[in-house]
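# Kindly generate the corresponding structure for this input.
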Amino acid sequence: MKKAVFLFSAFLLFVIWIGEHRSFYCVGNDECITVWKRIGGICFIIPGKYYGIFKPSGTYIQTSNDNSLIVLYFITKFPKTIIIWGDSYKIIKASKNVYTFIDFRKQEGKFKRIIYGPGAKKIGDLKKGVYILGLDIFGNLAFDKNGKEL
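Prediction:
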C-alpha cells in the first residue's frame, strides 16, 4: 500500500512538473521574478525565485498564460516595490505582504517623473537606479530596457 501511495505521489508531481512551466528572470539590481504558468491558463508573477507547489502566500500578480505584455519597473530607492504596467492582470494581496505592487496607470504622471529622465524618448531611457523587465508570458520571453531578450 505504501509503495502504491508513493508511486501515485511521484506520478502526480511529474504530471504537475510537465504541465506547468516556471521561468526565473533577474534584473540589474539583483531583483528576481518567477513567472509560473499553471495548468488551467493561469499565470502567477511572483517576486523572487519561487519553487513552491501551491499558490504563493505573499503578494503576487495573476494573469493569463496568453498575456503578451506586462512591464515591471524596479527602482532602487523604493526597495520591495514593483511598478506594473500592462493589460489583463490583477494584483493579489496576501497576508504575507513583503512586496508592494503599484499600478503604473493609476499614477502615470508621478511615475513617469520617477522612472524616466527629462527628454526621454524611448522606453529604455530610464533614470539611474531604475530597472525594467518586459514579459511576454505567451511566448515565454523576457526583455530588458534595450529590448534584449533575457
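# just for this protein, where's the confidence low?
Low-confidence segments of the chain (pLDDT under 70): 1, 4-19.
# give me the beta-bridge partners of residue 126?
residue 116 (DSSP bridges).
# for residue 21, that is, sorry about that
Assigned bridge partners for residue 21, using DSSP bridges, are residue 37.
# For residue 102, give me its contacts.
Neighbouring residues of residue 102 by C-beta atoms under 8 Å, 6 or more residues apart in numbering: 81-84, 111. (Glycine included, C-beta is placed from N, CA and C.)
# quick one: strands adjacent to the helix or strand harbouring it?
Using DSSP states H and E, the element containing residue 102 is strand 100-103. Strand 100-103 has the following strand partners under DSSP bridges: strand 81-86 (parallel).
# returning to what we had before: JSON lines please, covering the contacts of residue 102 and showing neighbour count.
What follows is the contacts of residue 102, written out as JSON lines (neighbours: other C-beta atoms under 10 Å):
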{"residue": "81", "neighbour count": "14"}
{"residue": "82", "neighbour count": "21"}
{"residue": "83", "neighbour count": "21"}
{"residue": "84", "neighbour count": "19"}
{"residue": "111", "neighbour count": "18"}
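# Pick out the most distant pair among these.
82 and 111 (11.8 Å; C-beta to C-beta).
# Check the contact lists of these two and give me the overlap.
73, 102.
# Looking at the contacts of residue 102, which is nearest residue 3?
Using C-beta to C-beta, the contacts of residue 102 come closest to residue 3 at residue 82, 45.3 Å.
# check contacts around the closest one.
31, 47, 72-74, 99-102.
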